[in-house]
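Peer 1: this one's sequence-less:
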DNA sequence: GCAACATGTCTAATATGTTAGAGAGTCCGG
DNA sequence: CCGGACTCTCTAACATATTAGACATGTTGC
């Protein structure tokens, strides 16, 4: 009766592997009262100095509607400021506050430390291999991937048959 | 001013790579009125015939509080049934309904088809490499990974200095 | 200049993620 | 027995994910 598909669930393997890594960083991040997403954003702004929401979305893999809320909370926490651009009133610039700068200056080195510990345990080759494989998947130096043809939509839900 | 850490954000790379894959499956899943998590669960039950919530949590990478809601909705949709075990009143057995069986029988092959298309585009070697690397990360045939020492908690948030 | 289109952000509604803890049921030692 | 420790599920509270669409601003072509 086991309807086992020919391919193991690859996205789910990514999820599990990611968690295997992230669980070693989460305690550090929460220790400073941040969420994972908030840290992703601070790390990105720290690197680029200032960013627009749409750039943060792309860099941090956060969808626009989520970001709105995250930034609002971070603004309330006194971590970032949002200022509208003069030349284009649609756009916004997000910057870190001095407090966030200090926070990143303390948190950043700890993250790096933990990376070293993990590299020690996993082996530097595996870490290297991880970066390479991820880049290959993301790089997308390939043609557009076609979508298989879908059958007509049936009313599967809340309907007999 | 660029505070760039020594290590690229590896969990985030996992996230991006995962999305690069998942975006090709999402349309198929939503076409049948399912969410990604609902499909993960149906696929798992299809493979094991019946599962307990705690097993689903582990297999599908879903935390217990999330699962409660997901299963409730799936029950409302007539996709699964929850029955308490006789011998242990704490435990629950989750099974697919006939309707869900039919749904999986239609959806499963389409997922496999899409995997083949992706394998075509990515190259079979990369897919193989992906499975291997993920397994290496998850396998955890390593000692416990130590947690770095954290500095005393400061009141970073909503506090001066 | 104005209409049509494009862009950037946000709102709304629903689903899930995350942490802490409650509640019931089970197991085990005294 | 019986009480304490443990297991499994669930609730509560908040943060984020996802989809659709509103809204204001910018841009382009006529």
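Peer 2: That came through fine. No experiment lies behind these values; they were computed from the predicted model shown. Residues are numbered from 1 along each chain as shown, chains lettered A, B, ... in the order given.

Peer 1: can you map out the helices along chain A?
Peer 2: A:10-22, A:26-31, A:36-48, A:53-60, A:64-76, A:98-122, A:124-139 (DSSP state H).

Peer 1: so does the fifth one get close to chain B?
Peer 2: I take that to be helix A:64-76. No. Figure legend: helix A:64-76 not in contact with chain B (C-beta under 8 Å from any C-beta of the partner chain); closest approach 8.5 Å. C-betas here are computed from N, CA, C, even on glycine.

Peer 1: what of the last one?
Peer 2: Yes. Applying C-beta under 8 Å from any C-beta, one finds helix A:124-139 touching chain B at A:126-127, A:129-131, A:133-138.

Peer 1: and that helix, what does it pack against?
Peer 2: helix B:10-22, helix B:124-139 (3 or more C-beta pairs under 8 Å, 6 or more residues apart in numbering or on different chains; DSSP states H and E).

Peer 1: which of these sits most buried?
Peer 2: Highest mean neighbour count of the helices and strands packed on helix A:124-139: helix B:10-22, a mean of 20 (counted as mean count of other C-beta atoms under 10 Å in any protein chain shown).

Peer 1: which other helices and strands contact it?
Peer 2: For helix B:10-22, the packing partners by 3+ C-beta pairs under 8 Å, 6+ apart are helix A:10-22, helix A:124-139.

Peer 1: who's in contact with residue A:81?
Peer 2: Residues in contact with residue A:81, defined by C-beta atoms under 8 Å, 6 or more residues apart in numbering or on different chains, are A:75, A:94-95, A:97.

Peer 1: pLDDT score for it?
Peer 2: With respect to pLDDT, residue A:81 scores 97.

Peer 1: show the pLDDT at residue A:149.
Peer 2: Confidence for residue A:149, expressed as pLDDT, is 89.

Peer 1: tell me, how many residues neighbour it?
Peer 2: 7 (other C-beta atoms under 10 Å in any protein chain shown).

Peer 1: list the contacts for the residue nearest to residue A:134 when sequence neighbours are not counted?
Peer 2: Spatial nearest neighbour of residue A:134, excluding adjacent residues (C-beta to C-beta, 6 or more residues apart in numbering or on different chains): residue B:13 at 4.2 Å. Shown in contact with residue B:13 (C-beta under 8 Å, 6+ apart): A:130-131, A:134-135, A:138.

Peer 1: can I get the helices and strands packed on helix B:10-22 in a markdown table with distance to DNA strand D and mean pLDDT?
Peer 2: Output for the helices and strands packed on helix B:10-22, formatted as a markdown table (distance: least, C-beta to the nearest atom of the strand, whole Å; pLDDT from 0 to 100):
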| stretch | distance to DNA strand D | mean pLDDT |
| --- | --- | --- |
| helix A:10-22 | 10 | 96 |
| helix A:124-139 | 16 | 95 |
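
Peer 1: residue A:65 is nearest to which of those?
Peer 2: helix A:10-22 (21.6 Å; C-beta to C-beta).

Peer 1: what angle separates the closest one from helix A:98-122?
Peer 2: If you take axes from the mean of the first three to the mean of the last three C-alpha atoms, to 10 degrees, helix A:10-22 sits at 110 degrees to helix A:98-122.

Peer 1: how far off centre is helix A:10-22?
Peer 2: Here helix A:10-22 is found 13 Å from its chain centre; the criterion is C-alpha atoms, centre = their mean, to the nearest Å.

Peer 1: equivalent analysis for stretch A:5-15, please.
Peer 2: The mean C-alpha position of stretch A:5-15 is separated from the chain mean by 20 Å, C-alpha atoms, centre = their mean.

Peer 1: now stretch A:110-124
Peer 2: With C-alpha atoms, centre = their mean as the basis, stretch A:110-124 stands 19 Å off its chain's centre.

Peer 1: list the buried residues in that stretch.
Peer 2: Buried positions in stretch A:110-124, judged by neighbour count with 16 or more other C-beta atoms under 10 Å in any protein chain shown: A:110-111, A:114-115, A:118, A:121-122.
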